[in-house]
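Student: Coordinates for the following, if possible.
(one chain, ligands or ions: 1)
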Amino acid sequence: MATLFPLFADLHDRPVLVVGGGAVAERKVQALREAGARIHLQAPTLTPALQALADAGRLGWEPGTFRAGALDGVWLVIAATDDADTNRAVADAASRRRVLANVVDDAALSSFHVPAVVQRGELQIAVSSGGGAPMVARHLRRQLETWLDESWGALTALLARERRRIRARFPEPGARRRFFEQLLAGPLPRLLRQRQPEQAERLLADALAAPVSRPAGAVVLVGAGPGDPGLLTLNGLRALNEADVILHDRLVSDAVLQLARRDALRIEVGKSAQGHSVRQESIHALMLEHARAGRRVVRLKGGDPFVFGRGGEELEFLRAHDITYEVVPGITAAVACAAYAGIPLTHRDHAQSVRLVTAHCRDSLDTLDWAALARGRQTLAFYMGVAGLETVQARLSAEGCPASTPFALIENGSRAEQRVITGHLDRLAETARHHQVSSPALLVLGEVAGLADTLHWFGPAPLAAPPRSDHPAAATLPHAA
Ligand code: SAH
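Tutor: The predicted structure follows:
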C-alpha cells in the first residue's frame with residue numbers, strides 16, 4: 001500500500017463540515033476552531049458545549065441527519081457519528097465530490113487521517129501510523145511530549161519573527177543553514193528554556209551583527225558501523241547532520257543513511273571486494289573538489305574507517321593537499337558481528353588474542369603468515385573472505401590447525417537479514433556453499449566461535465553444516481599449493 005502524504009492544511013476561514021454532535025464531534029470542533037476553520041455542524045442534537053458555540057454564532061448548525069448537499073463548498077468533512085451507515089454515506093458522498101473526508105476511528109473509510117500532535121506554539125509535530133495502529137502514534141506522541149519542553153515554541157516564534165532579517169543577512173542557503181545550526185547548537189535554546197527571552201533576542205541580534213566568515217571546507221572520515229543504525233556513534237550522527245556532501249560506500253546501510261541530513265548531496269562511491277566501481281583516485285578527487293569549495297564532506301565508510309577501509313590513504317591524501325580532517329571511529333565488523341552472534345572475541349578459557357585478517361584476494365592470502373594464524377588460543381576474524389574460504393580452510397589445515405576448530409560465518413551482521421552459520425574447520429567451505437553465504441560476511445575462527453550455538457540472541461539461531469555425504473568432504477577440497 002502506498003504511504004500517506006503528510007500535510008499541514010491551512011483551514012483558516014475555510015468552510016469545514018462536521019457530521020455529528022456528540023463528544024467526539026466536540027473534540028474535532030475544538031481542534032478545527034484552533035485552526036480557525038469556519039465550522040458547519042450537521043446533527044440532530046448537540047452536546048451542551050456545542051450548543052453554546054452554536055448559540056454564540058461560533059459555528060453553523062443545521063439540525064437533522066446527514067444530507068449530501070451540505071458538502072457543497074466545504075474543503076473537508078469529518079464524520080463523527082456512531083452510526084456506521086451515516087459514516088459510510090458521508091465518506092461516499094465526499095469521495096464523489098472530491099472532498100477529503102475523515103471518518104472517526106475508521107481508517108478504511110477515511111481519505112485523510114488526523115495525526116496525533118505535539119504542539120509547542122507554532123511548532124507542531126504530527127505522528128501517524130498510517131491509520132493502522134493509532135496506539136503506536138499516541139504512545140510516541142506521549143514520549144515526544146516529555147522530550148520537548150515549552151521553549152521550542154518560543155524558539156520557533158523568535159526565529160519566525162527574525163526570519164526576514166536572517167534571510168537578508170545570509171542570502172546564500174548554505175551560509176544560512178550554517179548560521180542556524182551554530183545558533184541552535186549554541187546558548188540560544190538554553191536561554192529560552194531558562195525563560196530569558198531578552199537575552200536570547202540580544203544573542204541573536206549580536207550573531208546577526210557579527211562579521212560573516214567563509215567556512216573552510218573539511219572532511220570527516222566517519223565509521224558507519226556494520227548496519228544497525230543504533231551502532232553509529234553520537235559524533236558520527238552529528239557529522240551526518242552537518243554534512244553538505246556525503247561520500248558513502250555501498251556497505252553503508254540505508255538505515256544509517258536515513259539519519260543523514262536530507263538535503264546533503266549523497267554520492268555512492270560503492271566499492272565491493274569484487275568490483276571497484278569508483279576508483280580510489282576519483283574518491284580523492286571528489287573529497288578535494290567539495291572541501292575546496294568550502295563544503296563539509298563526510299566520507300562515510302562501513303564499520304571503522306581504519307580497519308580495511310583505506311582510511312589511512314585518504315588521510316595521507318588530505319594531508320598532502322592541506323585539507324582539514326577529522327576521524328570518527330565506527331564499530332568494525334569483527335566487533336559487531338561477534339557481538340550480534342553471541343561470540344566473545346576473547347575468553348579466558350579459549351582465546352587470549354584476536355587477529356583481524358583480510359582475505360581479500362589471492363595476493364593477500366599468499367602474503368599471510370599461515371603458520372602463525374594456525375596457532376591455538378586465539379580468535380581469527382577474516383574480512384572479505386567469502387571467495388577465499390577454500391584457501392583459508394586448506395592453508396590452516398595444512399599448518400596443523402585442528403579439523404575440529406569451530407567457525408562462525410556471520411552474513412549481514414547486525415542487520416535484519418543477519419544469518420549465522422556455524423561448524424568446524426574441516427567443513428568450512430562446503431558449509432558456506434551449502435548455505436550460499438554471500439557478501440558482506442565475516443568469518444570468525446577459533447574456539448570462541450562455538451559459543452554462538454548457545455549464546456546467540458539476535459535473529460534466527462545459527463545454521464549448521466549439512467548432513468555428511470558418503471564422500472568425506474575433505475576429499476573434495478582443493479588443496480592449496
Ligand atoms: N571498514 C570495514 C571493513 C571493510 S571491508 C569495517 O571496519 O568493518 C568489507 C568487509 O567487512 C566485508 O567483506 C565483510 O567481511 C566485512 N563486513 C562489513 N560489514 C559487515 C556486516 N554487516 N556483516 C558481515 N560482515 C561485514
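Student: beta partners for residue 61?
Tutor: residue 41 (DSSP bridges).
Student: give the contact list for it.
Tutor: Contact analysis of residue 61 by CB atoms under 8 Å, 6 or more residues apart in numbering lists 21, 40-43, 46, 50, 54. C-betas here are computed from N, CA, C, even on glycine.
Student: could those residues be laid out in CSV, adding pLDDT, neighbour count and distance to the ligand?
Tutor: Shown next, in CSV, are the contacts of residue 61 (pLDDT from 0 to 100; neighbours: other CB atoms under 10 Å; distance: CB to the nearest ligand atom, whole Å):
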residue, pLDDT, neighbour count, distance to the ligand
21, 96, 23, 57
40, 97, 19, 57
41, 97, 24, 57
42, 97, 25, 58
43, 96, 23, 58
46, 96, 22, 60
50, 97, 25, 58
54, 96, 18, 62
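Student: Need the residues you listed in a markdown table (columns: distance to residue 223).
Tutor: Formatted as a markdown table, those follow (distance: CB to CB, whole Å):
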| residue | distance to residue 223 |
| --- | --- |
| 21 | 60 |
| 40 | 58 |
| 41 | 59 |
| 42 | 60 |
| 43 | 60 |
| 46 | 62 |
| 50 | 59 |
| 54 | 63 |
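Student: dump the residue contacts of whatever residue of the stretch 201-350 of the chain ends up closest to the ligand.
Tutor: As assessed by CB to the nearest ligand atom, the ligand sits closest to residue 303 within the stretch 201-350 of the chain, at 1.9 Å. Neighbour list for residue 303: 223-226, 251, 309, 330-333, 336 [criterion: CB under 8 Å, 6+ apart].
Student: Now for those residues: which two are most distant?
Tutor: The span of the contacts of residue 303, defined through CB to CB, is set by 309 and 336 at 13.9 Å.
Student: can you give me the helices for the stretch 351-481 of the chain?
Tutor: Remark: helices assigned in the stretch 351-481 of the chain by DSSP state H, counting those that start in this stretch are 362-367, 370-373, 389-398, 428-434, 452-455.
Student: With mean pLDDT and distance to residue 354 as added columns, please give the ones you listed in a markdown table.
Tutor: Converted to a markdown table, the helices of the stretch 351-481 of the chain look like this (pLDDT from 0 to 100; distance: least, CB to CB, whole Å):
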| stretch | mean pLDDT | distance to residue 354 |
| --- | --- | --- |
| helix 362-367 | 80 | 18 |
| helix 370-373 | 96 | 12 |
| helix 389-398 | 96 | 16 |
| helix 428-434 | 97 | 19 |
| helix 452-455 | 97 | 15 |
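Student: Out of these, the one nearest residue 6 is which?
Tutor: helix 452-455 (42.6 Å).
Student: The closest one and the ligand, are they touching?
Tutor: No - Helix 452-455 stays clear of the ligand (CB under 6 Å from any ligand atom), getting no nearer than 13.6 Å.
Student: Please identify the buried residues of that helix?
Tutor: The neighbour-count check on helix 452-455 (16 or more other CB atoms under 10 Å) flags 452-453 as buried.
Student: for the closest residue in space to residue 422 that isn't next to it in sequence, what are its contacts?
Tutor: Nearest residue to residue 422, sequence neighbours excluded (CB to CB, 6 or more residues apart in numbering): residue 462, at 4.4 Å. Counting by CB under 8 Å, 6+ apart, residue 462 makes contact with 341, 408, 420-422, 452-453, 456.
Student: would residue 326 count as being in a strand?
Tutor: Yes - Residue 326 forms part of a strand when assessed by DSSP: H, G, I helix; E, B strand; the rest coil.
Student: tally of neighbours for it?
Tutor: Residues lying near residue 326 (other CB atoms under 10 Å) number 13.
Student: Now for the nearest residue to it once chain neighbours are set aside, how many residues are close by?
Tutor: In space, and not counting its chain neighbours, residue 326 is closest to residue 220: 4.7 Å by CB to CB, 6+ apart. Neighbours of residue 220 under the rule other CB under 10 Å: 23.
Student: low-scoring stretches of the protein, by residue?
Tutor: Counting by pLDDT under 70, the chain has low-confidence residues at 1, 213-215, 271-277, 470-481.
Student: swap the cut-off to 50 and go again
Tutor: 273, 474-481 (pLDDT under 50).
Student: now for stretch 453-468, what's the gap between its first and last residues?
Tutor: 19 Å (CA to CA, to the nearest Å).
Student: ok, now stretch 70-88?
Tutor: End-to-end for stretch 70-88, by CA to CA: 15 Å.
Student: Could you confirm residue 77 falls within a strand?
Tutor: Yes - assigned with three-state DSSP, residue 77 falls within a strand.
Student: show me the contacts for it.
Tutor: 16-19, 71, 90, 94, 99-102.
Student: Can you pull out the residues in contact with stretch 396-407?
Tutor: 370-371, 373-374, 422-426, 428, 443-450, 474, 479-480.
Student: Thanks again, I'm all set now.
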